[in-house]
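Novice: Give me coordinates for this.
(2 chains)
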Number of protein chains: 2
Amino acid sequence: MRIALLGGTGDIGQGLALRFARDTDHEVLIGSRDPEKARDAVERYEAELEGRGADANIKGFVNEMAADRADVVVLSVPPYYAGDTVEAVEDVLDEETILVTPAVGMQGDEDGLHYHPPSVGSVTQLVAQRAPDEVPVVGAFHNLAADALSNLDDELELDTLVVGDDADAKRTVLNLANEIEGLRALDVGPLANAAEVESVTPLVINIARYNEDLHDVGVQFH
Amino acid sequence: MRIALLGGTGDIGQGLALRFARDTDHEVLIGSRDPEKARDAVERYEAELEGRGADANIKGFVNEMAADRADVVVLSVPPYYAGDTVEAVEDVLDEETILVTPAVGMQGDEDGLHYHPPSVGSVTQLVAQRAPDEVPVVGAFHNLAADALSNLDDELELDTLVVGDDADAKRTVLNLANEIEGLRALDVGPLANAAEVESVTPLVINIARYNEDLHDVGVQFH
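Specialist: Got it, this is the predicted structure:
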């Protein structure tokens, strides 16, 4: 499979790129608005992987070209760019392309971070609203600390929570996430259940802030 | 210390009563609107504990009397009774009594449970608003599955998340929660951070619904 990480030069994109490249046989496409930045990121990721003796099957493209070539397109962009990024690539998406969104809306104040969803209920649902009707949208990878994901020495032992209305697309993303070593993907039902999933992201950041021994913290359910 | 569990005949109250009685030296007071129900629950809890060779230091009272005698008062009542229960006992609360709230507002539909906080932001903050100003309020024990907590064979290995504006009261509750075997209490900052903590409750219920092998699921952060 080909996995495009739009905004793949950023924090969560980097972690997913390194993990998919190291742990799976899928081809990883790094997308950026600036193709030069995408290629620079690919060089860094390849150096990191080759230094660990891992094969690096990664290419860099402008976002539209990465999305056009991919079976799974991950919108690893900040939440306020998620809608615009969908529109920038919508002409190359179709019912064969799974659109995956890990973005979460948050606002901070002196106490901590707070969940701040768009009026449609969640960023995941906003992406579904902005995507062409025939494109299946799946929420996943919301609650993974970017630094932990990017540090290939970190064994994770974490869960990621997956929501989607299209059962086949959701199953594909569950399987894909389970291919990352140390990651377990759990089904949390339809897109309507995304808000409670997204809320965990400000929570884990608050936990890291108030507990000295818990940095880049993730979550496990059992 | 004396710990009163108001609504201590219900699901979360039963679990906390059994665990506090088995794992700590504190005295457990079961409160109910009906003192007869409280005493019946005490008999059941004592039988369960004695069957396991554990000391049972539990007494039953009407809510007001339980609260009057306690250092820590846990509002283990359904969320829509939380405010009224505070008002029923407010005359016996003072700055020496810590009021602990585990309640969460949720609404269900065909997709799952959804977080549904009161307009003040969270049930935890609603309790703080309804309590007398001098009474410190702490949010804790929100995300523990009642059945897991009540089953003393379950070793938990779970986290509970604690919020509060009064540092001393929060510290007391963190220590108290850590005394329960298999439970780790994490500080999540002030009451303003309660919503993201409460949101985990509908999430864990949705996870249990959509994953066959995960019943009565709890959460761990690392």
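Novice: Residue A:9 contacts residue A:41, correct?
Specialist: Yes. Using Cβ atoms under 8 Å, residue A:9 is in contact with residue A:41, at 4.1 Å. All C-beta atoms are positioned from the backbone trio N, CA, C, and that covers glycine.
Novice: overlap in contacts of those two?
Specialist: Residues touching both residue A:9 and residue A:41 (Cβ atoms under 8 Å, 6 or more residues apart in numbering or on different chains): A:30, A:32.
Novice: just checking, residue A:74 is part of a strand?
Specialist: Yes. Counting by DSSP: H, G, I helix; E, B strand; the rest coil, residue A:74 is found in a strand.
Novice: What is the burial count for it?
Specialist: Per other Cβ atoms under 10 Å in any protein chain shown, the neighbour tally for residue A:74 reads 32.
Novice: Which residue comes closest to it once chain neighbours are left out?
Specialist: Among residues not flanking residue A:74 along the chain, residue A:100 sits closest, at 4.5 Å (Cβ to Cβ, 6 or more residues apart in numbering or on different chains).
Novice: Do I have it right that the one you found meets residue A:140?
Specialist: Yes. Using Cβ under 8 Å, residue A:100 is in contact with residue A:140, at 5.4 Å.
Novice: Would you mind grabbing the residues shared as contacts by the two?
Specialist: Residues touching both residue A:100 and residue A:140 by Cβ under 8 Å, 6+ apart: residue A:173.
Novice: Tell me which residue of chain A is furthest from the middle?
Specialist: In chain A, counting by Cα atoms, centre = their mean, residue A:110 sits farthest out from the average C-alpha position, at 27.6 Å.
Novice: Is it in a helix, a strand, or coil?
Specialist: Residue A:110 ends up coil, using three-state DSSP.
Novice: re earlier: I'd guess the residue nearest to residue A:74 is in a strand, am I close?
Specialist: Yes. The assignment for residue A:100 is a strand, going by three-state DSSP.
Novice: Number of residues surrounding it?
Specialist: 29.
Novice: same check, this time on residue A:130
Specialist: By other Cβ under 10 Å, 17 other residues sit near residue A:130.
Novice: pretty sure it contacts residue A:85?
Specialist: No. Here residue A:130 lies out of contact with residue A:85, judged by Cβ under 8 Å, at a distance of 9.2 Å.
Novice: for stretch A:108-122, how far is the first residue from the last?
Specialist: Length of stretch A:108-122, first residue to last, Cα to Cα, to the nearest Å: 17 Å.
Novice: Over to stretch A:173-188?
Specialist: End-to-end distance for stretch A:173-188, by Cα to Cα: 12 Å.
Novice: Okay, buried residues for that stretch please.
Specialist: For stretch A:173-188, burial by neighbour count (16 or more other Cβ atoms under 10 Å in any protein chain shown) applies to A:173, A:174, A:176, A:177, A:180, A:183, A:184, A:185, A:186, A:187, A:188.
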